[in-house]
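S.K.: Quick one, what's the 3D model for this:
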Amino acid sequence: MVNATHRLPAAGSLRTPFAASGCLRGWVMAMMACITGLRLLAEPSLIAQLEPQEIPLGDSATLNLVFTDLGEVPAPPTPEVTGATIQYRGSSRNFSFINFKQSSSVTHQYVVTPKAQGAVSIPAITVEVGGRPYQTQPLILRVGAGRDLSRLGVLQLSAPRSEVYVGETFPVEVRFLFRVSPAQQAPPTLAMEGFLKGRQRMENLPPEKLNGHDHGVVRWTLAVTAIKPGEFEVGPAELQTLYRFDTGRGFFGGTEQRQITFNSEPLPLRVLNPPPAGRPAGYEGAVGRFRSEVRLSATNVAVGDPVTVRVRVSGAGNFDALRLPPLPSSAPFQVYPGTNSFAEGDPLGLTGTKTFELVLVPEESGLQTLNWPVWSSWDPDTRRYLTDAPGPLRIEVRQGATAQAQPSGSHVGPAPGSSSRPADSAADLALFADVGPLRRPGALMVSRAAYWCAWSFPLLAYATAGLAIWWRRRRTADTVGLARRRARQAIAEATTALAAHAAAGRVADFYAALNAALQEQLALLLGGVPGHFTEEVLEGPLEARGFSGTDAARLRRLFAAMAQARFAPGAASGELVENARDAAEVLAALEHLEESP
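M.R.: Below you'll find the model as predicted:
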């Protein structure tokens, strides 16, 4: 008998498939708990980052506001910080997938530029997203002594005089003298209370010596117009540049780029009104030196014939303030609106020639003398009033054409007392000796249709030509209708050009066409000469005619846009398209108001 003994394994060494699977389940449950914990830790958040936290004076730091898992958050308002300026730079987006979780963030960047040494405190920023407030921690930017900017460049601001006059247009210069050329630079910015900025021009000038060192020179010249009296400061001018410096770090060296801002000293200016002493009676606010020349299209016309008057005003000054003086009420002429144009003599438009055109229609025959009104302006250089009185214009006016008496027809026959001699002589009979057999006469030429067609064609041509001449003379004599048709045509051409200029982004051409269309339409509605209508018509003649509401607000915006474009061009193409739509609505409303009784 064989006894077999079977030993069971020790309790600690027992391993079964069920036990192994239990360990695996435990490991999986532990990992799921970790992942769940990570998911619970990942909450929507807002944090503020400052890079770097220490900079020298003249450099800038970047403030990042990072919104995590909060969706598309718009840029918060620029925070206000004492001792520094903050400008919004833009935004960026980031997507990530970490520990089985997808995350997205939106970062809004701001540039912080300190104004002085020391510590700049950036307070906590609170932003409400989805009805819930999120707040950042306050930050500190430490600003050191920085580099000596004079070793790089100097920004200067100047004007021809320290005293100017209301309505005067004068140049202001911003000069950047640099020892080290920047990699990039933007046009300078200028604070101007009490002034309007016009055209701007940039030039590279020959090098100059400053403090014993050669400096390159860039000059910006701006046309500036004073609009109210008082004590003002222009500037300081601010110029943003980007410099690249060698760091010397690394095997191959390296470069570092920094944004550096140059500032000029402010420019004090005193603005005066032209003095009342010695002011001419017809002075209307023109400031500058001007001379005028008046020409007529014809000097010998009939009553009712239109005469075009061209007035050319040349010189230097504020041409936008020039207006055509009204004619004396006693002048024996009817005046109809025309056009005006300006040809600049320099890139800033400080000099040039402005041309006015209008139509005169004489109402009385005889030698008519037209004494043109005197032009008056204030000369800021000599500080005295100037007057320009063109010589009198003489027009010989004759009576209108009248119908002349036509001679009456007369019957042609034999003279009284004459008699016919009978053809009874042999000589006379010899004429009929060999005439041959008699034939029946055919139809006369005058009875044929071809004869009358041949003669009626030139008669019809003469009649048509005469009718065309008569119609053209009648249209010319209708000066009121002729002037209105010309104005309508000018409005249509200017309105058609608005869309093309807006699509192409031609700011100057767009606002020139807009001004022409509005001035012509207002002249048709209110009477007068185009070119002198301003925003004041909204509170006077147009308001009296019931022009108000949305159309009046549109017209006010268009006047403001034209003034801004005249003195500070640079409107975006989107603004041009919107203004083109507003112009179409306003012109249609004004035309409807003109046609209404």
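S.K.: How are the helices of the stretch 301-450 of the chain distributed by residue range?
M.R.: Under the criterion DSSP state H, counting those that start in this stretch, helices of the stretch 301-450 of the chain are mapped to 426-430, 449-477.
S.K.: Now the weakest link among these, please, by mean pLDDT.
M.R.: With a mean of 46, helix 426-430 has the lowest mean pLDDT of those.
S.K.: okay but P171 is in contact with L350, surely?
M.R.: Yes. Look at P171 against L350 with Cβ atoms under 8 Å: they come within range, at 6.7 Å. All C-beta atoms are positioned from the backbone trio N, CA, C, and that covers glycine.
S.K.: quick one, which of these two is more surrounded?
M.R.: Neighbours were counted for P171 and for L350 using other Cβ atoms under 10 Å; L350 has more, 20 against 16.
S.K.: so the more buried one makes contact with T169?
M.R.: Yes. Between L350 and T169 there is a contact at 6.2 Å, judged by Cβ under 8 Å.
S.K.: Now do the shared contacts for these two.
M.R.: Common neighbours of L350 and T169, counting by Cβ atoms under 8 Å, 6 or more residues apart in numbering, are 223, 317.
S.K.: Which helix or strand contains R557?
M.R.: helix 550-567 (DSSP states H and E).
S.K.: repeat for L70
M.R.: Per DSSP H and E, there is no helix or strand for L70.
S.K.: can you pull the contacts of it?
M.R.: 44-46, 106, 129-130, 134.
S.K.: Mind doing that once more with 7 Å?
M.R.: By Cβ atoms under 7 Å, 6 or more residues apart in numbering, L70 lies in contact with 44, 129.
S.K.: try A237
M.R.: 155, 157, 174, 188, 190, 264.
S.K.: From those, pick the one nearest R93.
M.R.: Nearest to R93, judged by Cβ to Cβ, of the contacts of A237 is P188 at 33.4 Å.
S.K.: For burial, what's the neighbour tally of that closest one?
M.R.: Quick note: P188 (other Cβ under 10 Å) scores 24 neighbours.
S.K.: can you check the one 3 residues further on too?
M.R.: Residues contacting A191 under the criterion other Cβ under 10 Å number 12.
S.K.: related to what we said a few turns ago, give me the common contacts of P171 and L350.
M.R.: Joint contacts of P171 and L350 (Cβ under 7 Å, 6+ apart) are A223.
S.K.: Which residue is the nearest non-sequential neighbour of T113?
M.R.: S60 (4.6 Å; Cβ to Cβ, 6 or more residues apart in numbering).
S.K.: Report pLDDT for the one you found.
M.R.: At S60, pLDDT is 81.
S.K.: Now that it has come up, it's in contact with I260, right?
M.R.: No. Contact criterion Cβ atoms under 7 Å: S60 and I260 do not qualify, at 8.4 Å.
S.K.: mind checking pLDDT for R448?
M.R.: In this model, R448 carries a pLDDT of 65.
S.K.: hey, which helix or strand in this structure has the poorest pLDDT?
M.R.: The weakest-scoring helix or strand in the chain, judged by mean pLDDT, DSSP states H and E, is helix 426-430 (a mean of 46).
S.K.: Now do the contacts for the residue lying closest to P44 once chain neighbours are set aside.
M.R.: Nearest non-adjacent residue to P44, counting by Cβ to Cβ, 6+ apart: D69, 4.4 Å away. D69 is in contact with 44, 103-104, counting by Cβ under 7 Å, 6+ apart.
S.K.: Just checking, which of these comes out lowest on pLDDT?
M.R.: Comparing those by pLDDT, S103 comes last, at 82.
S.K.: separation between that residue and R312?
M.R.: In this view, S103 and R312 are 71 Å apart by Cβ to Cβ, to the nearest Å.
S.K.: ok, now P266?
M.R.: Counting by Cβ to Cβ, the gap from P266 to R312 is 40 Å.
S.K.: Let me see the mean pLDDT of the helix holding R557.
M.R.: 76.
S.K.: any idea how far it is from the chain center?
M.R.: Distance, stretch centre to chain centre, for helix 550-567: 11 Å (Cα atoms, centre = their mean, to the nearest Å).
S.K.: Other residues contacting the following helix or strand past that helix?
M.R.: Beyond helix 550-567 in the direction of the C-terminus, DSSP H and E gives the next helix or strand as helix 573-595. Helix 573-595 is contacted by residues 491, 495, 498-499, 502, 505, 507, 510, 514, 517, 521, 524-525, 545, 547, 551, 554-555, 557-558, 561 when judged by Cβ under 7 Å, 6+ apart.
S.K.: ok, now stretch 379-386?
M.R.: 164-165, 168, 278-280, 283, 287, 289, 376-378.
S.K.: same thing but at 10 Å, please
M.R.: Stretch 379-386 is contacted by residues 160-161, 163-165, 167-170, 226, 272, 274-275, 277-280, 283, 286-291, 315-317, 375-378 when judged by Cβ atoms under 10 Å, 6 or more residues apart in numbering.
S.K.: Where does S150 sit: helix, strand or coil?
M.R.: The local conformation at S150, judged by DSSP: H, G, I helix; E, B strand; the rest coil, is helix.
S.K.: quick one: contacts for it?
M.R.: For S150, counting by Cβ under 10 Å, 6+ apart, the contacting residues are 177, 179, 210-211, 213, 262.
S.K.: Buried ones among those?
M.R.: With burial judged by 16 or more other Cβ atoms under 10 Å, the buried subset of the contacts of S150 is 177, 210, 262.
S.K.: Give me the subset of the residues you listed lying in helices.
M.R.: With helices defined by DSSP state H, no entry of the buried ones among the contacts of S150 lies inside them.
S.K.: So which of these is the closest to A119?
M.R.: Of all the buried ones among the contacts of S150, A119 sits closest to F262, with 23.7 Å by Cβ to Cβ.
S.K.: For S297, give me its contacts.
M.R.: So S297 contacts 306-310, 357, 359-360 (Cβ under 10 Å, 6+ apart).
S.K.: Out of the residues you listed, which is nearest to G118?
M.R.: Once Cβ to Cβ is applied, the member of the contacts of S297 that ends up nearest G118 is E357, at 64.1 Å.
S.K.: Excluding chain neighbours, what is closest to A191?
M.R.: G235 (6.1 Å).
S.K.: Buried residues, the one helix or strand the one you found maps to. List them.
M.R.: In the assignment (DSSP H and E), G235 maps to strand 230-246. Within strand 230-246, the residues that qualify as buried are 232, 234-241, 243, counting by 16+ other Cβ under 10 Å.
S.K.: hang on, the earlier thing: out of the contacts of S150, which sit inside strands?
M.R.: Judged by DSSP state E, the subset of the contacts of S150 located in strands is 177, 210, 213, 262.
S.K.: bridging residues for the first one?
M.R.: Spelled out, it's L177. L177 has these beta-bridge partners by DSSP bridges: V154, V217.
S.K.: Count the residues that sit near the nearest residue to T534 once chain neighbours are set aside.
M.R.: Leaving aside its chain neighbours, T534 sits nearest to F559 (7.0 Å; criterion: Cβ to Cβ, 6+ apart). For F559, the count of nearby residues is 19 (other Cβ under 10 Å).
S.K.: Now do the same contact list for F559.
M.R.: Taking Cβ under 10 Å, 6+ apart, one finds 514-515, 518, 533-538 in contact with F559.
S.K.: Now these in a markdown table, please, with extra columns for neighbour count, distance to V301 and secondary structure.
M.R.: Output for the contacts of F559, formatted as a markdown table (neighbours: other Cβ atoms under 10 Å; distance: Cβ to Cβ, whole Å; DSSP: H, G, I helix; E, B strand; the rest coil):
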| residue | neighbour count | distance to V301 | secondary structure |
| --- | --- | --- | --- |
| L514 | 28 | 35 | helix |
| N515 | 20 | 32 | helix |
| L518 | 23 | 32 | helix |
| F533 | 21 | 30 | coil |
| T534 | 11 | 34 | coil |
| E535 | 13 | 38 | helix |
| E536 | 10 | 36 | helix |
| V537 | 18 | 33 | helix |
| L538 | 16 | 39 | helix |
